[in-house]
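> please work out how this folds:
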Amino acid sequence: MTTSSRTLGDLFDTFEREAFRLETLDDYSQSGNVDAYQAFLAGQPQPDDYNAGWVEELRSHTRKGKRIHRVHVVSRPLTDYLRFELGWGYQKNMTGGEEFSILDATNHPGPLSGVPDFWLFDSESVAVMNYDGAGKFLGSEVLPPGRAAEFTRYRDVALTHAEPFTAWWAAHGG
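Model prediction:
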């Protein structure tokens, strides 16, 4: 398979050690789990099977000793969508072994301003996530291997400035 024909799914299927995600948007409500988001807004309880497929995929990776973690850049007050994502999504995904951190840019400009959302696999492969202005996922673009070092630096900056999700959520979340 040539690099240019690789997809985000291929990268998830073949990574060996680490998958890292940087999230920068305040609203992904048009990108999946729309029904769950509406249920959250209506005050309904979280369904037991919420995110079940993703949690099982997480478990399949973490059981093999692979690490999946992400940093989300946020500013308070949180949008309704972020309260949903962090309150329902992150809490549920942690049961599958995914790790989360928050880079809170409320009182200072974020050190990653202008950096797109992305997945970085094994510090070798990058998929940039493309969204429209309303948070609708438009697709991903797997970048040439030569771009991995740039995104590894972004990951390192994010991790340096972020704090563990559970501590941040206890102080600022729901």
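> show me what the one helix or strand in the chain whose mean pLDDT sits lowest is in contact with.
For the chain, counting by mean pLDDT, DSSP states H and E, helix 34-41 ranks last in confidence among helices and strands (a mean of 93). With contact meaning Cβ atoms under 8 Å, 6 or more residues apart in numbering, helix 34-41 is reached by 29, 46-47, 50, 80-81, 83-84, 87-88. (Each C-beta comes from the backbone N, C-alpha and C, glycine too.)
> what's the closest of the residues you listed to Glu23?
Tyr81 (11.3 Å; Cβ to Cβ).
> what's the neighbour count on that closest one?
Number of residues near Tyr81 (other Cβ atoms under 10 Å) recorded here: 19.
> so the residue nearest to it when sequence neighbours are not counted: helix, strand or coil?
In space, and not counting its chain neighbours, Tyr81 is closest to Asp27: 4.4 Å by Cβ to Cβ, 6 or more residues apart in numbering. With DSSP: H, G, I helix; E, B strand; the rest coil as the basis, Asp27 sits in coil.
> how about the longest helix along the chain: buried residues?
Counting by DSSP state H, the longest helix found in the chain is helix 148-161. By 16 or more other Cβ atoms under 10 Å, the buried positions in helix 148-161 come out as 148, 151-152, 154-155, 157-158, 161.
> and if you look at stretch 20-36?
Within stretch 20-36, the residues that qualify as buried by neighbour count (16+ other Cβ under 10 Å) are 20-29, 31, 33, 36.
> check those and tell me the two furthest apart.
So, those by Cβ to Cβ: farthest apart are Phe20 and Ala36, at 24.4 Å.
> contacts only, for the residue nearest to Tyr81.
Contact partners of Asp27, counting by Cβ under 8 Å, 6+ apart, are 79, 81-82, 134-135.
> rerun that using 10 Å as the cut-off
By Cβ atoms under 10 Å, 6 or more residues apart in numbering, the contact list for Asp27 reads 37, 79-82, 84-85, 131, 133-136.
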